[in-house]
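Undergrad: fold the following.
(one chain, ligands or ions: 2)
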Amino acid sequence: MAFFRSVSALSRLRSRVGQQSNLANSVRWLQTPSSSNADLYSELKELVPEYQLVARKTLVNSCKRMLYLSTLYFNLYIQIWLQERVKKLKKDHGNVELGKITVDMVLGGMRGMTALVWLGSAVDPDEGIRFRGMSIPECQKKLPGAFPGGEPLPEAVLWLLLTGKIPNKEQVDSLSQELRSRATVPDYAYKAIDALPVSAHPMTQFTTGVMALQVQSEFQKAYEGGIAKARYWEPTYEDTLNLIARLPAIAAYIYRRKYKDGKIIPLDDSLDYGANYAHMLGFDDPEMLEFMRLYISIHSDHEGGNVSSHTAHLVASPLSDPYLAFAAALNGLAGPLHGLANQEVLRWIRSVVAEFGTPKISTEQLADYINKTLSKGQVVPGYGHGVLRQTDPRYTCQREFALKHLPNDPLFQLVSKIKEVVPPILTKLGKVKNPWPNVDAHSGVLLNYYGLTEEKYSVTSRLYYTVLFGVSRSFGVGPQLIWDRALGMPLERPKSVTLEKLEQLCGKSS
Ligand SMILES: CC(=O)SCCNC(=O)CCNC(=O)[C@H](O)C(C)(C)COP(=O)(O)OP(=O)(O)OC[C@H]1O[C@@H](n2cnc3c(N)ncnc32)[C@H](O)[C@@H]1OP(=O)(O)O
Ligand SMILES: O=C([O-])CC(=O)C(=O)O
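TA: Ligands and ions are numbered 1, 2, ... in the order given. A predicted model of the protein is given here:
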């Protein structure tokens, strides 16, 4: 409610200064104390207590932020008419068939079965991901960066995924500021992580931290207070923004606890989300900050059927709040065939180097090592995909970043060689549907180059990389959870059959 009162006060501010006046003039007017603006000043001051007002200038900044943010909220609000579209689809076309369900699908992890609605993004098997219809190169061109020509800011991706609209730089900056203002992590969340041994996998520590944050769920409180169904999306929005805002502090703490001195580096109020996360991890090289922005942006979303996103959507469907849903998603992401593959790729690359004593190896040596991996019944991590049938564009854009910034890095050169040698070998197996590299084939060497790795290598190393993936995934999962509630999506409950029943159905059909 405070939000709507703020928006209304802000629009009165605009009309007081003059309808034609722009934001800058309105702000200047409010900034100059006078009897004609004192009442509005005190009203606005009362409405933004959370910003700890100490001076008129701070209030003015808060007003600017509310004004820009109100467009985000407004965009969401007006799109609630999508509910009508959903109802109409169900009513008019509820019986339209979207395809057959085959035994292969039931026994094959439901590949190719259209079963979900996901607003933020879609994956084309050949072209890869599009965020609200925009490819990665288009996002790099059109979404605001930290500087002109910079990589897309994750906040810009969040805005896009949430509203379907491309934000301008001021809107993105207001969202950065909003996230920073929500970033305070309660002490008990750190304590919950501290209760685990330092040797616990970073993803186990991460999920524990997220579960501790759940104590603050606005959705849970609102539900207990009897909130009406039509308004479920509002506390879901609050939880989602709070969750996204608080993840870097939790995630950075885990890194510093496990691999560094355990000291918390506080958030820097002048930095955007990706840069702040890098800073809190202990990295301030501008190139690394830029890579973090790109990393979070490209890992944010990958339509709805991947394990982490689907898990979040499923777990939220009985009205579990966004923290519960996201913690579950992280547990799916922590599997080696999904997000943990980024850890496995680096471990595998290091095992290649350990085997030959150098990353500079011949094509024959590499082919032998790949065949050895396969002969042990293992997969080549970072290759293959459940939907993609070409090189993942997220791999390509990381490669472009590496070519620009670290072309001579020996591990990057090994990654390039692996891309030449693995696909023909996987193709020869005759069963691998996609022999090409996915997103995880590349990220580790970039992070390793910038120093984000554990000090000592051992064959049982538990690397941090999947936590970075997890933080990024909140940008895709969060908006969909808001839309799930806004669209009144139901509890998810597919039908299962016993093996006997399946055999019986097959017998009947043949
Ligand atoms: C962010 C992400 O989640 S991207 C994916 C990250 N995961 C990886 O990189 C792990 C390696 N890749 C894989 O295991 C798979 O390609 C997956 C899990 C990503 C996709 O699995 P599927 O859709 O089942 O792939 P597909 O239909 O091609 O699998 C057919 C067969 O090829 C095998 N195969 C697929 N990819 C590979 C690979 N990279 N290395 C060896 N074998 C493979 C499968 O294990 C399966 O073998 P099986 O019939 O003996 O069980
Ligand atoms: O789409 C998938 O199945 C896996 C993936 O690449 C992702 O979740 O980013």
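Undergrad: for the host helix or strand of Trp29, buried residues please.
TA: Assignment of secondary structure by DSSP states H and E places Trp29 within helix 23-31. Within helix 23-31, the residues that qualify as buried are 23, 26-27, 29-30, counting by 16 or more other Cβ atoms under 10 Å. The C-beta positions use only the backbone N, C-alpha and C, and glycine is treated the same way.
Undergrad: quick check, nearest of these to ligand 2?
TA: Proximity of those to ligand 2 was ranked by Cβ to the nearest ligand atom; the top entry is Leu23 with 37.9 Å.
Undergrad: distance between the helix holding Trp29 and the chain's centre?
TA: For helix 23-31, the distance between its averaged C-alpha position and the chain's averaged C-alpha position is 36 Å (Cα atoms, centre = their mean, to the nearest Å).
Undergrad: cool, and stretch 271-289?
TA: Centre-to-centre, stretch 271-289 and its host chain are 17 Å apart (Cα atoms, centre = their mean).
Undergrad: who's in contact with it?
TA: For stretch 271-289, contacts defined as Cβ atoms under 8 Å, 6 or more residues apart in numbering pick out 146, 153-155, 173, 176, 179-180, 248-249, 251-252, 255-256, 260, 264-268, 292-297, 405, 450-452, 471.
Undergrad: drop anything exposed from those.
TA: Taking 16+ other Cβ under 10 Å as the criterion, what is buried in the contacts of stretch 271-289 is 146, 153-155, 173, 176, 179-180, 248-249, 251-252, 255-256, 265, 267, 292-297, 405, 450, 452, 471.
Undergrad: I'd guessed Leu502 sits against Val106; true?
TA: Yes - with contact taken as Cβ atoms under 8 Å, Leu502 and Val106 are classed as touching, separated by 6.9 Å.
Undergrad: could you report the neighbour count for Asn448?
TA: Counted by other Cβ atoms under 10 Å, the residues lying close to Asn448 total 18.
Undergrad: shouldn't it be in contact with Leu346?
TA: Yes - because the distance of 6.4 Å satisfies Cβ under 8 Å, Asn448 is recorded as touching Leu346.
Undergrad: so where's the stretch 1-150 of the chain uncertain?
TA: Counting by pLDDT under 70, the stretch 1-150 of the chain contains low-confidence ranges at 1-7, 18-24, 48-55, 78.
Undergrad: same question for the chain.
TA: When residues are selected by pLDDT under 70, those of the chain lie in 1-7, 18-24, 48-55, 78, 455-460, 509-510.
Undergrad: and with 50 instead?
TA: Segments of the chain classed as low confidence (criterion: pLDDT under 50) are 51-52.
Undergrad: quick one: name the residues of it near ligand 1.
TA: Listed as neighbours of ligand 1 in the chain under the rule Cβ under 6 Å from any ligand atom: 111, 337-339, 341, 379-386, 426, 431-434, 438-440.
Undergrad: restrict the residues you listed to those near ligand 2?
TA: Answer for the residues of the chain next to ligand 1 near ligand 2 (Cβ under 6 Å from any ligand atom): 386, 438-439.
Undergrad: tell me the one of these nearest ligand 2?
TA: Gly386 (4.3 Å).
Undergrad: now do the SS call for the closest one.
TA: Of the three states, Gly386 takes coil under DSSP: H, G, I helix; E, B strand; the rest coil.
Undergrad: would you list the phi and psi of it?
TA: The main-chain torsion angles of Gly386 are listed as degrees, to the nearest 10 and equal phi -70, psi -20.
Undergrad: contacts only, for it.
TA: Residues counted as contacts of Gly386 (Cβ under 8 Å, 6+ apart) are 109, 111, 305-306.
Undergrad: highest neighbour count among those residues?
TA: Comparing the contacts of Gly386 on neighbour count, Asn306 comes out first with 22 neighbours (neighbours: other Cβ under 10 Å).
Undergrad: verify the stated contact: it with His338.
TA: Yes - applying Cβ under 8 Å as the test, Asn306 and His338 come out as touching, 7.0 Å apart.
Undergrad: which parts of the stretch 301-450 of the chain sit against ligand 2?
TA: Close to ligand 2, as judged by Cβ under 6 Å from any ligand atom, the stretch 301-450 of the chain has residues 302, 306, 386-387, 438-439.
Undergrad: switch to 5 Å and redo it
TA: Residues of the stretch 301-450 of the chain lying close to ligand 2 by Cβ under 5 Å from any ligand atom are 302, 306, 386.
Undergrad: what do you get for the stretch 101-250 of the chain?
TA: Looking at ligand 2, no residue of the stretch 101-250 of the chain is close enough under Cβ under 5 Å from any ligand atom.
Undergrad: those strands in the stretch 101-250 of the chain, which residues are they?
TA: Per DSSP state E, counting those that start in this stretch, the stretch 101-250 of the chain carries strands over the ranges 121-124, 128-131.
Undergrad: excluding residues flanking it in the chain, which one is nearest whatever residue of the stretch 151-300 of the chain ends up closest to ligand 1?
TA: Residue nearest to ligand 1 within the stretch 151-300 of the chain: His299 (7.9 Å; Cβ to the nearest ligand atom). With Cβ to Cβ, 6 or more residues apart in numbering as the criterion, His299 has its nearest non-adjacent residue at 3.5 Å, and that residue is Ser472.
Undergrad: element containing the one you found?
TA: helix 465-486.
Undergrad: can you list the ones next to ligand 2 among the residues of the chain next to ligand 1 in CSV and add distance to Gly120?
TA: Converted to CSV, those look like this (distance: Cβ to Cβ, whole Å):
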residue, distance to Gly120
Gly386, 18
Asn438, 19
Val439, 16
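Undergrad: list the contacts of the spatially closest residue to Glu344 that is not a sequence neighbour.
TA: Ranked by Cβ to Cβ, 6+ apart and with sequence neighbours excluded, the top spatial neighbour of Glu344 is Pro381, at 3.7 Å. Contacts of Pro381 were listed using Cβ under 8 Å, 6+ apart, and they are 336, 341, 344-345, 347-348, 440-441.
Undergrad: and Glu155, by the same measure?
TA: For Glu155, the residues meeting the contact criterion (Cβ under 8 Å, 6+ apart) are 172, 175-176, 179, 272-273.
Undergrad: about what we covered before: then the helix holding Ser472 to PDB, C-alphas only?
TA: Taking only C-alpha atoms (Å, rounded to 0.1, in the frame of the first residue of the first chain), the coordinates of helix 465-486 have been written out as PDB:
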ATOM      1  CA  TYR A 465      31.200 -22.400  -9.300                       C
ATOM      2  CA  THR A 466      27.700 -23.800  -9.000                       C
ATOM      3  CA  VAL A 467      26.900 -21.200  -6.300                       C
ATOM      4  CA  LEU A 468      27.500 -18.500  -8.900                       C
ATOM      5  CA  PHE A 469      25.100 -20.300 -11.200                       C
ATOM      6  CA  GLY A 470      22.600 -20.400  -8.300                       C
ATOM      7  CA  VAL A 471      22.700 -16.700  -7.600                       C
ATOM      8  CA  SER A 472      22.200 -16.100 -11.300                       C
ATOM      9  CA  ARG A 473      19.300 -18.500 -11.600                       C
ATOM     10  CA  SER A 474      17.300 -16.500  -9.100                       C
ATOM     11  CA  PHE A 475      17.000 -13.800 -11.800                       C
ATOM     12  CA  GLY A 476      15.000 -16.200 -14.000                       C
ATOM     13  CA  VAL A 477      13.200 -18.300 -11.500                       C
ATOM     14  CA  GLY A 478      12.100 -15.300  -9.300                       C
ATOM     15  CA  PRO A 479      10.100 -13.400 -12.000                       C
ATOM     16  CA  GLN A 480       8.300 -16.600 -13.100                       C
ATOM     17  CA  LEU A 481       7.300 -17.300  -9.500                       C
ATOM     18  CA  ILE A 482       5.700 -13.900  -9.400                       C
ATOM     19  CA  TRP A 483       3.900 -14.600 -12.600                       C
ATOM     20  CA  ASP A 484       2.800 -18.000 -11.400                       C
ATOM     21  CA  ARG A 485       1.000 -16.400  -8.600                       C
ATOM     22  CA  ALA A 486      -0.300 -13.500 -10.600                       C
END
